[in-house]
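Asks: from the sequence below, what's the structure:
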Amino acid sequence: MAPAPGQDSESAEYDPDNDLDSLLVPGPWDDLSAQFTRLHSATNTHGRGTDLERLLDQLFRRAHFTVKHNPPTADRQIDLMISSRDGTFLIEAKWEATPADIGVADNLRVRVKEVGRQAVGVLVTVGGITGPCAERIVRYREEALILVLDEADIRVLLEDPHELAGMLAYKRMQLEMFGHVHLGIGGTHRSRGERSQGQVLPDSTRQIVSADGKPLPVIDAPGSVTPAVFTLDLPDLDWLYPSGFGVSLDVPLGSRSENELLGALHRLNDLGWLSRHAHWTIQKDDRVWHGIGARSLAVTLREWRDRLVDDSRDGHGESVILFDQIEDGCFCVTARLACDESRWILRAHLEFLLPGVPVDQGPLHQLVQQFGVPLRGFYRPLSRKSVVRGSFDLPRPVLQVVGLITEEGGDGTWVAGVIAKNPFFEALSEQAPDGWPWELASSGILVCALRSQHRVDEPKEYELWSWEYTAAADSTAIKITAEW
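Replies: Numbers count the residues shown, from 1 in each chain. Below you'll find the predicted structure:
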């Protein structure tokens, strides 16, 4: 729409109905993040608020929200009104050099009250908000709910607009239930990275020890980024249900930093989902770390600087997989973290594998609500039996052991598993047995369960016996069995 005579084109009112850009299908030529970066670096800041509104319009539409400009239901001017099945939101967009203060929150609250209690206010502010503004939002949340999207939130949404519904739901829960104004990374107010002050993450009853018996918190070896995670215990979803196949359920965690990922693990634990036998791996392009127990994972994640090469920033980041069992099933937590001070997470997911769709979905629904993600996911039927198995022919490969996994029993310490060099490391596919998991071709070691356990003071020689694995969307849990 052409500006009126004498009106600056940069500050002209944006009319999506007459704007050609709004009619174009989003494509690689229309990158929202790149647009925001250009606006952020522009030396001429005049009219930037209008440009932000234009950008938000595209963002909300890509998130499948209905967008209205200057809606007639409000007596006062509102930048945008968006709606979906989750509700109606009044948007106030600010791009100023200073954080939004009390007056901005008060004005938006008045507008929300005029529309009615079915509406929620959303303050989009690149400059953030002041402490008194956050306190004001919390104090008057019974009158009207005001959610805040700061620059970190905006950047996340521009990368993936489909995060919007979950982000708004989580921020609303934090404000209504806990009186927290949730901001993105670097925010000064309470965030989802905060954890309960009660329980700590469970430690494993199993201990990794070196070949000479020295306890090890973690073991590392040559490797690369793959979906593989070792486990000593792999449930068979089809054991009690021989007909048909199981199902999977994928839940986005919404975690955007290391702190928030640890917070998600704490919520899993608070609701009783974590066991003491969770297995995990941290993977980089040329090295992999393995451990047992969620507590040791939390400690190892914090030590990311020790995993840097030459104390430099690792631009490729690192992948994390945690595998654990639950009654009648299992789950994996997967995430990709930046190896710098931000510990930014591009994607974090929780995936369940279950024998079928549970009749009582209350526990799963309760868990999903903890992550602020509307339960719109689908149970997807697996296309085959949950566990794929294979075994070694005679003569079986003899293992070169580099460590043990021990566990205390009633009459002493027992060996529950062994850690050995992978005899098929970097081998050609025809050198490995038929059906051998491809993910292990780049793994320098194998973490093996023992077919027959023995006391730790009775050293043995071991050979490979069998393998089995369960593949999910982003992970493959592998159980290798050895015998002495």
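Asks: what's the burial count for the nearest residue to Gly293 once chain neighbours are set aside?
Replies: Using Cβ to Cβ, 6 or more residues apart in numbering and skipping residues adjacent in sequence, the residue nearest Gly293 is Ser204, 3.2 Å away. Every residue, glycine included, has its C-beta placed from N, CA and C. Around Ser204 sit 19 other residues, with neighbours defined as other Cβ atoms under 10 Å.
Asks: any idea how far Val156 is from Ser204?
Replies: Between Ser204 and Val156 the distance is 33 Å, computed by Cβ to Cβ, to the nearest Å.
Asks: low pLDDT regions in this structure?
Replies: Within the chain, the ranges that satisfy pLDDT under 70 run 1-30, 44-46, 72-76, 117, 185-199, 310-315, 369-377.
Asks: hey, which strand is longest across it?
Replies: The residue-count maximum for a strand in the chain (DSSP state E) belongs to strand 314-326.
Asks: partner strands of it, parallel or antiparallel?
Replies: Here strand 314-326 has these sheet partners by DSSP bridges: strand 279-283 (antiparallel), strand 329-339 (antiparallel).
Asks: how about these, which one is nearest Val415?
Replies: Each of the strands paired with strand 314-326 was checked against Val415 via Cβ to Cβ, and the shortest separation belongs to strand 279-283, namely 16.6 Å.
Asks: tell me the helix or strand right after the closest one.
Replies: Elements were assigned by DSSP states H and E; along the chain past strand 279-283, the next helix or strand is strand 287-292.
Asks: show me what counts as buried in that following strand.
Replies: Across strand 287-292, burial judged by 16 or more other Cβ atoms under 10 Å covers Arg287, Val288, Trp289, His290, Gly291, Ile292.
Asks: quick one: distance of stretch 442-456 to the chain centre.
Replies: Centroid separation for stretch 442-456 versus its chain: 30 Å, with Cα atoms, centre = their mean, to the nearest Å.
Asks: pull that stretch out as PDB, backbone CA atoms only.
Replies: Coordinates of each C-alpha in stretch 442-456 appear next as PDB, following Å, rounded to 0.1, in the frame of the first residue of the first chain:
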ATOM      1  CA  SER A 442      32.200 -45.600  14.100                       C
ATOM      2  CA  SER A 443      32.100 -46.600  17.800                       C
ATOM      3  CA  GLY A 444      35.500 -47.300  19.300                       C
ATOM      4  CA  ILE A 445      34.100 -49.300  22.200                       C
ATOM      5  CA  LEU A 446      31.200 -51.600  23.000                       C
ATOM      6  CA  VAL A 447      29.300 -51.500  26.300                       C
ATOM      7  CA  CYS A 448      28.100 -55.000  26.800                       C
ATOM      8  CA  ALA A 449      25.700 -56.700  29.200                       C
ATOM      9  CA  LEU A 450      26.800 -60.100  30.600                       C
ATOM     10  CA  ARG A 451      24.700 -63.100  29.800                       C
ATOM     11  CA  SER A 452      26.000 -64.700  33.000                       C
ATOM     12  CA  GLN A 453      27.200 -62.300  35.800                       C
ATOM     13  CA  HIS A 454      30.100 -63.200  38.000                       C
ATOM     14  CA  ARG A 455      31.800 -61.800  41.100                       C
ATOM     15  CA  VAL A 456      34.300 -59.100  40.400                       C
END
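Asks: verify the stated contact: Ile137 with Gly131.
Replies: No. Applying Cβ atoms under 8 Å as the test, Ile137 and Gly131 come out as separate, 10.8 Å apart.
Asks: of these two, who's got more company?
Replies: Each of Ile137 and Gly131 had its neighbours counted (other Cβ under 10 Å), and the higher figure belongs to Ile137 (26 against 12).
Asks: for that one, list the residues it contacts.
Replies: Ile137 makes contact with Ala105, Ile129, Ile146, Val148, Leu175, Val181 under the criterion Cβ atoms under 8 Å, 6 or more residues apart in numbering.
Asks: these two touch, right, the first one and Arg136?
Replies: The reference is to Ala105. Yes. With contact defined as Cβ under 8 Å, Ala105 and Arg136 form a contacting pair (5.1 Å).
Asks: more neighbours: the two, which one.
Replies: The neighbour count for Ala105 versus Arg136, taken as other Cβ under 10 Å, is higher for Ala105 (28 against 21).
Asks: the more buried one belongs to a helix?
Replies: Yes. Judged by DSSP: H, G, I helix; E, B strand; the rest coil, Ala105 forms part of a helix.
Asks: list the contacts of it.
Replies: Leu123, Ile129, Cys133, Arg136, Ile137, Ile146.
Asks: SS state for the fourth one?
Replies: Reducing the assignment at Arg136 to three states with three-state DSSP gives helix.
Asks: can you tell me which residues contact it?
Replies: Each residue near Arg136 by Cβ under 8 Å, 6+ apart is listed here: Ile102, Ala105, Asp106.
Asks: closest to Thr300 among those?
Replies: Distances from the contacts of Arg136 to Thr300 were compared by Cβ to Cβ; the smallest belongs to Ala105, at 40.9 Å.
Asks: list the contacts for the residue positioned nearest the centre of the chain?
Replies: Among the residues of the chain, the smallest C-alpha distance to the mean C-alpha position (Cα atoms, centre = their mean) belongs to Ala348, namely 1.7 Å. With contacts defined as Cβ under 8 Å, 6+ apart, Ala348 is in contact with Pro252, Leu253, Gly254, Ser255, Arg256, Leu261, Ala264, Val333, Thr334, Ala335, Arg336.
Asks: how near is the third one to Asp153?
Replies: This points to Gly254. Counting by Cβ to Cβ, the gap from Gly254 to Asp153 is 11 Å.
Asks: overlap in contacts, these two.
Replies: Among the neighbours of Gly254, those also in contact with Asp153 (Cβ under 8 Å, 6+ apart) are Met167.
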